[in-house]
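# the following comprises the amino acid sequence and a computationally predicted model.
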Amino acid sequence: MIELIDVTKTYTTRLGVVTQALDSINLTLPEVGMIFVLGKSGSGKSTLLNLLGGLDRADSGQILINGDDLGTRSGEDLDAYRCHDIGFVFQDFNIIDHYSVRENVGIAMELQGKAINHDHLEKTLATVGLSDFEQRKGNEVSGGQKQRIAIARALIKQPHLILADEPTGNLDSETSNQIMELLKEVSKDTLVVIVSHDSEEAKQFGDRILYIKDGRIAKDEHIQTSVHKTSQINEHKGFLKLSSSFKYGMHALRPKRLQLGMTSLLLTFSLMISSLLGAYLHFLDNPDTVLGNTLKSADIQAIVEDLRGYLTQANAEGLMIGTYILLLGIFYVFLSISVEQRIKQMGIFKAIGARHHDVLKIFVWEALLLGMSSFVLSSLMAYIYLLDINKKFYDGLQVLVLYQAQIVFHGILSLILPSLFIVGLTLNTLRKNSVISILKDS
């Protein structure tokens, strides 16, 4: 049973205007049934839903789930609550367009640390009328089908509570009726709370209608008798498996392959130039060590002087510093853009129960792929280029060779630097923006 005791919530705009979203709400909700929340825009309907779903916290009062106060739970505990106990159905669907239907629905299970059960997935998709759509991408289906995907994503984890914010607001009347009939069937075993503007729809399908005005419950109309049963918040926190994070991380790269390829080329060029400069400086500092007994000292010194005539050591060192600064800039700019492009995706992941580390595990694969591919390509190209130089100008003598310590440094740099950037940028975004603001603004 869900109890709200003197729950109050206010919002302050950037201009300092204070808005009372909920004002001392007292409410008891059953374990199953379909409850509609009606009211004008700004009356507090969506705020109520967000508080029930752990997407936001009340300023005062208590929200008790079988006696357990959500307000005392940590952010990670609330993530786990959304992951296991809450199914969200949003007005604008909030599915990921470049994921398949299977991935959009299955990720809800994988965030719980479970492998996708194919039979369970097929049964869930059949329940919402999407049996033949498993491999379709999110951008290849209609609005009604997107809403069905969102419902399937909510159902597949078998939550205690489904929260639907204007689930039929963007749909035609026929599709809206089908969606409501589906949710009505679900409400026989699960509590379904729906925010709506449609009073006729509420009277047709609702077991109970709450009318909210100015942040208060103006009317509580019971149409059907409430049913109570005992259930507890699921304490299992789960985790996203490494294999699952890799799958979703790689799939996230599909829409921006060209952008990734161009960035990789720039990084490859920067690392290659650094490797060539490193080989040059290493020879200037240790010519006898590089060539050993192959040439006489006078001949080695002649090569050194010849090389310095093309590029002084000081200029080479300056250029190397410049290439590393360029490398830092390319990594930072690309990954900043990438994180910015995926803010909405972050919000969706968090809304369906992803912890911060789950989001990081998905996002970090992009940084690792970018860094590793650039490192391998640059090392290979630098090696080939140095072979060619030695063959053309020094009759095959190994005058300029890759400096092994620098290659190791490049490998470590290419893995660690982008990973640190993506982790820092992602955590900064998650900490600066609430899930609600991400979903609203993106």
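Arrived safely, thanks for sending.
# can you give me the helices for the stretch 251-400 of the chain?
257-285, 287-291, 297-310, 313-341, 343-351, 356-394 (DSSP state H, counting those that start in this stretch).
# what's the most buried one of those helices?
When neighbours are counted by mean count of other CB atoms under 10 Å, the highest per-stretch mean among these falls to helix 343-351, a mean of 23. In this view, the C-beta of every residue, glycine as well, is placed from N, C-alpha and C.
# elements contacting that one?
Applying 3 or more CB pairs under 8 Å, 6 or more residues apart in numbering; DSSP states H and E, we find helix 343-351 packed against helix 75-84, helix 356-394, helix 404-432, helix 435-441.
# so which of these gets nearest Y11?
Closest to Y11 of the helices and strands packed on helix 343-351 is helix 435-441 (CB to CB; 9.9 Å).
# which helices and strands does the closest one pack with?
In terms of contacts (3+ CB pairs under 8 Å, 6+ apart), helix 435-441 is packed against helix 343-351.
# now the helix it packs on: average pLDDT?
Helix 343-351 comes out with an average pLDDT of 91.
# could you do stretch 3-20 as well?
85.
# next one: stretch 216-225
85.
# and for that stretch, what's in contact with it?
The contact list for stretch 216-225 (CB atoms under 8 Å, 6 or more residues apart in numbering) reads 22-27, 33, 39, 44, 203, 206-212.
# again, only using 7 Å
Outside stretch 216-225, the residues within contact range by CB atoms under 7 Å, 6 or more residues apart in numbering are D23, I25, L27, G33, G206, D207, R208, I209, L210, Y211, I212.
# pull the CA atoms of it into CSV?
Presented in CSV, the C-alpha positions along stretch 216-225 are these (Å, rounded to 0.1, in the frame of the first residue of the first chain):
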residue,chain,number,x,y,z
ARG,A,216,-4.4,19.9,-3.5
ILE,A,217,-6.8,17.0,-4.0
ALA,A,218,-10.1,18.7,-4.8
LYS,A,219,-12.1,15.5,-5.2
ASP,A,220,-11.5,11.7,-4.8
GLU,A,221,-14.1,9.7,-6.7
HIS,A,222,-14.1,5.9,-6.1
ILE,A,223,-15.7,4.0,-9.0
GLN,A,224,-14.6,0.5,-8.1
THR,A,225,-13.7,-1.0,-4.7
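# before we move on, back to that, export the helices of the stretch 251-400 of the chain as CSV, with columns for distance to D132.
Output for these, formatted as CSV (distance: least, CB to CB, whole Å):
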stretch, distance to D132
helix 257-285, 28
helix 287-291, 66
helix 297-310, 66
helix 313-341, 31
helix 343-351, 24
helix 356-394, 28
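# which stretch in those helices has the least confidence?
helix 287-291 (a mean of 70).
# packing partners for that helix?
Applying 3 or more CB pairs under 7 Å, 6 or more residues apart in numbering; DSSP states H and E, we find helix 287-291 packed against helix 297-310.
# now the helix it packs on against helix 257-285, angle please.
Helix 297-310 and helix 257-285 are oriented at 140 degrees to each other (axes from the mean of the first three to the mean of the last three CA atoms, to 10 degrees).
# now do helix 297-310: distance to the chain's middle.
55 Å (CA atoms, centre = their mean, to the nearest Å).
# list the contacts for the spatially most central residue of the chain?
Residue closest to the mean C-alpha point of the chain, counted by CA atoms, centre = their mean, is M346 at 3.2 Å. When contacts are counted by CB under 7 Å, 6+ apart, M346 touches V359, T429, L430, I438.
# next: N390.
Taking CB under 7 Å, 6+ apart, one finds G396, L397, Q398, V399, L400 in contact with N390.
# check V195 too.
V195 touches V37, K45, S46, L49, D165, E166, counting by CB under 7 Å, 6+ apart.
# hey, what's the fifth one bridged with?
Going back to what we said before, that points to D165. Under the criterion DSSP bridges, D165 forms beta bridges with V195.
# quick one: it and L48 touch, right?
No - between D165 and L48 no contact is recorded; they are 10.1 Å apart, counting by CB atoms under 7 Å.
# before we move on, the earlier item: nearest to L326, out of the contacts of N390: which one, please.
In terms of CB to CB, no member of the contacts of N390 lies closer to L326 than L400, at 21.7 Å.
# gap between the closest residue to the closest one other than its chain neighbours and S199?
Distances taken as CB to CB, 6 or more residues apart in numbering place A279 nearest to L400, at 4.5 Å, with adjacent residues excluded. Separation of A279 from S199 (CB to CB, to the nearest Å): 76 Å.
# check L415 too.
58 Å.
# now swap in K114 and tell me
The value you get for K114 to S199, if CB to CB is used, is 40 Å.
# next one: G71
Counting by CB to CB, the gap from G71 to S199 is 32 Å.
# quick check: F363 touching L427?
No - if you go by CB under 7 Å, F363 and L427 don't touch, sitting 10.2 Å apart.
# can you list the domains in this structure?
2-242, 249-441 (automatic domain parsing).
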